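# Here is a sequence with its predicted model. Questions after.
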Amino acid sequence: MKPTTLTLLCLTLLCLPARAQTLAVEGVTALAADRQGCCYVVAGSSVAKYSATLALQARYTCPLGSIASIDASDPFKVALFCKDFLRIVLLDSKLAQLGNPLFLPDLNALRPTAACRSAENGLWVADAYRRRLLYLDFTLNTSREAALLGDEAAEVCCMVEREAKVFAGFAGGNLAIFDKFGALLHLLPVPVPCWFDVQGDLLYYLANGNLYTQNLHALSEAPALVATGVERCAVGHGALYTYAKGLLTVKK
């Protein structure tokens, strides 16, 4: 039986490469992606949640002010780190605030510089005052601690937990990798700036407007250039989100 014109047209469309989607957004200061394919766009003190097709789903404005970073690894408990106010705000999947903001000095983090969620329903916080990595469990008690090694003047500027490992990037360079108990596994001389993410064996990071990937099991190899002219970035759920010149772009 001969294929119909409609069948041939459908096959042709399936073979075409996926096109990038774009959305005009102003003043983006941070991006994040969750495991459901949603993207979170931070602009100063506000957060907007978009679907995988960049349809707006929810908004939230933080009463504390500027949001330093966002962790959406758990879409039902999104963490906003407000560095200037030493607090973490938790949001549900509709970006409604969950309880009162957490004042980190009350939880033994006297000068927090970075924070992220844990898959065990806790929080990791880098305390520059004592140069310690703290794990706050679901009861908000410090159940684990680890020393932050490296240059005493360098602060942890970005953290993520991926696959039971905690990755802490120091301003100016070096990437520390801890296990879920806080034991240091590796201290890598990777030029990590103040944004990076880890997906599988690949480290994604921004440097001088360029997005690179580095295989963490082949550090002797040169990093691969992914994109240029990038201001902000997020990776997750098989998608790459980039922001540049007022445009948010998603590629799958």
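Thanks, I have it. Being a predicted model, the structure only gives us computed values, none of them experimental.

# can you give me the offset of stretch 241-250 from its chain's centre?
Taking Cα atoms, centre = their mean, to the nearest Å, one finds the center of stretch 241-250 at 16 Å from the center of the full chain.

# Ends of it, what's the gap?
Using Cα to Cα, to the nearest Å, one end of stretch 241-250 lies 5 Å from the other.

# Give me the contacts around it.
Outside stretch 241-250, the residues that touch it by Cβ atoms under 8 Å, 6 or more residues apart in numbering are 20-26, 28, 31, 33, 39, 41, 50, 52, 54, 211, 227, 229-235, 239-240, 251. For glycine as for every other residue, the C-beta is placed from the backbone atoms N, C-alpha and C.

# Sort out for me which of those residues are in strands.
Of those, the ones assigned to strands by DSSP state E are 21-24, 31, 33, 39, 41, 50, 211, 227, 232-235, 239-240, 251.

# residues contacting Gly44?
27, 29, 66-67.

# And these, which of them are buried?
Those of those that meet the buried threshold are 29, 67, by 16 or more other Cβ atoms under 10 Å.

# Which single one of the contacts of Gly44 is nearest to Tyr204?
Of all the contacts of Gly44, Thr29 has the smallest distance to Tyr204: 18.0 Å, by Cβ to Cβ.

# Could you double-check that the closest one lies in contact with Val42?
Yes - when contacts are counted by Cβ atoms under 8 Å, Thr29 is listed as touching Val42 (5.3 Å).

# who touches both of these two?
In contact with both Thr29 and Val42: Ile67, using Cβ under 8 Å, 6+ apart.

# Pull out the buried positions in stretch 243-252.
Within stretch 243-252, the residues that count as buried by 16+ other Cβ under 10 Å are 243-244, 248-250.

# Need these in TSV (columns: secondary structure and pLDDT).
Below are these laid out as TSV (DSSP: H, G, I helix; E, B strand; the rest coil; pLDDT from 0 to 100):
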residue	secondary structure	pLDDT
Tyr243	strand	94
Ala244	strand	93
Leu248	strand	95
Thr249	strand	93
Val250	strand	91
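
# any weak-confidence spans in the chain?
Where the chain drops to pLDDT under 70, the residues are 1-19, 149-153, 192-193.

# for it, what spans make up the helices?
With DSSP state H, the ranges of helices along the chain come out as 5-15.

# The nearest residue to Ala52 once chain neighbours are set aside: neighbouring residues, count only.
Nearest residue to Ala52 in three dimensions, chain neighbours excluded: Gly37, at 3.7 Å (Cβ to Cβ, 6 or more residues apart in numbering). If you count neighbours by other Cβ atoms under 10 Å, Gly37 ends up with 17.
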